[in-house]
Structures are given as C-alpha cells and as structure tokens.
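>>> here is a sequence with its predicted model. Questions after.
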Amino acid sequence: AGSALCAVLVVLTTFLDFDRIMKVIGVFTPMIIVAITILTIYSLATPHPGIAELNAAATQVTPALPNLWLSTINYFALCVVNGIAMAFVLGGSVLRIGEARRAGRIGGTIIGADALCLYLNVDRVWDVNVPALEIARSIHPAFAFVYTLIIFALIYNTVFSLFYSTARRFSGGQTTRMRIVLVGVVAVGYAASLMGFKRLIGGMYPIIGW
C-alpha cells in the first residue's frame with residue numbers, strides 16, 4: 001500500500017511545473033537533517049558498548065562486497081550515479097557552483113553523522129530492515145512515528161528524483177512523452193518494490209555501484 005501510494009504521488013507530481021517540483025523536493029531536506037541530528041546526539045549521549053563489542057556485532061552483517069575498500073568505492077559510485085541523474089536536470093535550469101560545494105559538504109557531514117549513529121547502535125540494529133527507525137523507537141514512540149513519515153517522504157523524494165530524471169532523459173524534451181515514460185518506469189519500480197525493501201536494496205545498491 002505504501003509503495004502504491006508513493007507511485008501515485010510521483011506520477012501526480014510530474015503534472016506540476018518545474019519550480020513547484022523543486023519546492024516539493026526541497027521541503028523534506030530540513031526534516032531529515034533535524035531527525036539525523038537528534039538520532040546522532042541521542043546515540044552519543046546514551047551509553048553504548050565499547051569498540052570491541054561494536055566491531056564484533058558489525059561482523060554479523062553480511063557485506064554486499066567482500067572487501068572494505070571495494071565496498072567503500074562501490075557505495076561512493078552509487079551516490080555519484082544517483083546524484084548525477086538529478087544534477088543534469090537541475091543543471092539545465094540553474095548553475096550555482098558555490099551552492100553545490102556547500103551542499104556537498106553538508107551532505108557529506110550528514111552521511112558521516114548517520115553512519116556514526118548506526119555504528120554506535122550496531123549491536124541491536126544490525127539485522128533490522130530500517131535500522132534508524134529502530135533507534136528512533138528507542139527515543140520515543142511518538143518520535144518514531146514522525147520519523148516513519150520522514151522516511152516515507154525521503155523515499156518519495158529519492159524515487160521521484162530518479163524516475164523524473166530518467167523520464168526527462170528519454171523524452172526528447174516533450175512533456176507529454178516524458179509523462180508517459182515516467183508512468184512506465186514508475187510501474188516497473190512498483191513491481192520491483194514487491195521484492196521487499198531489505199532484499200531490493202541489498203541486491204540493487206551494489207549493482208548500481210558497479
């Protein structure tokens with residue numbers, strides 16, 4: 001049901017003009033920054049196991065790739081590929097190098113904070129589908145509910161960015177054709193989502209990274 005709702009929202013959003021689309025996408029960014037900040041502060045402020053115990057817990061996670069450095073490069077490539085798709089769409093309408101650099105620094109800092117937060121709680125979240133949500137639940141059920149909505153919004157944000165950029169790429173500049181292509185790729189994406197979140201991410205992320 002959540003996947004179907006997200007698919008419908010993505011299709012409906014394409015009927016807005018470009019400026020409104022950018023406003024829709026921009027709404028969710030401050031939300032996740034605040035949420036990750038809260039999770040990180042909570043993780044640093046509360047007692048957690050020592051480094052040896054955390055490392056032992058982390059070894060229980062089956063890695064997508066067998067080598068640490070290869071995994072790091074693969075994930076970096078994944079982020080670059082996902083970012084480039086929407087960057088080409090945005091770059092066609094506005095070009096602010098200074099803002100791009102600042103955004104890169106902020107984004108990198110947020111990813112680092114998120115990784116630290118997950119590592120400090122790896123002993124109890126290593127086998128759950130959405131680790132950050134499990135950490136949010138330990139703070140307060142109400143915060144976990146809000147964080148659930150934020151996660152859904154971010155999934156929508158990511159899905160829309162990737163599908164919209166794909167549709168724009170193959171539409172030849174024609175709005176009607178772009179919407180038809182987008183409906184097609186959204187349908188394929190919805191079908192793929194039925195595999196399950198953890199299984200889909202675990203399989204597709206390394207492939208995209210390659």
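All right, it came through fine.
>>> could you point out which element follows the worst-scoring helix or strand of the chain on mean pLDDT?
Least confident element among the helices and strands of the chain, by mean pLDDT, DSSP states H and E: helix 68-91 (a mean of 78). Counting by DSSP states H and E, the next helix or strand C-terminal to helix 68-91 is helix 97-120.
>>> show me what that following helix is packed up against.
helix 18-45, helix 51-58, helix 131-139 (3 or more CB pairs under 8 Å, 6 or more residues apart in numbering; DSSP states H and E). Every C-beta, even on glycine, is put in place using the N, C-alpha and C of the backbone.
>>> rerun at 7 Å
Packed against helix 97-120 by the contact rule (3 or more CB pairs under 7 Å, 6 or more residues apart in numbering; DSSP states H and E) you find helix 18-45, helix 131-139.
>>> in CSV: those helices, plus mean neighbour count and distance to Leu162.
Listed next are those as CSV, based on neighbours: other CB atoms under 10 Å; distance: least, CB to CB, whole Å:
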stretch, mean neighbour count, distance to Leu162
helix 18-45, 15, 12
helix 131-139, 19, 21
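>>> nearest to Gly172, of those?
helix 18-45 (16.6 Å; CB to CB).
>>> got the angle between the closest one and helix 131-139?
60 degrees (axes from the mean of the first three to the mean of the last three CA atoms, to 10 degrees).
>>> quick check: mean pLDDT of helix 18-45?
Mean per-residue pLDDT for helix 18-45: 82.
>>> that one to helix 68-91, inter-axis angle?
150 degrees.
>>> run the angle between helix 18-45 and helix 97-120 for me.
Using the same axes, to 10 degrees, helix 18-45 lies at 40 degrees relative to helix 97-120.
>>> how about the helices and strands packed on helix 97-120 in a markdown table, adding distance to Glu99?
Formatted as a markdown table, the helices and strands packed on helix 97-120 follow (distance: least, CB to CB, whole Å):
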| stretch | distance to Glu99 |
| --- | --- |
| helix 18-45 | 12 |
| helix 131-139 | 27 |
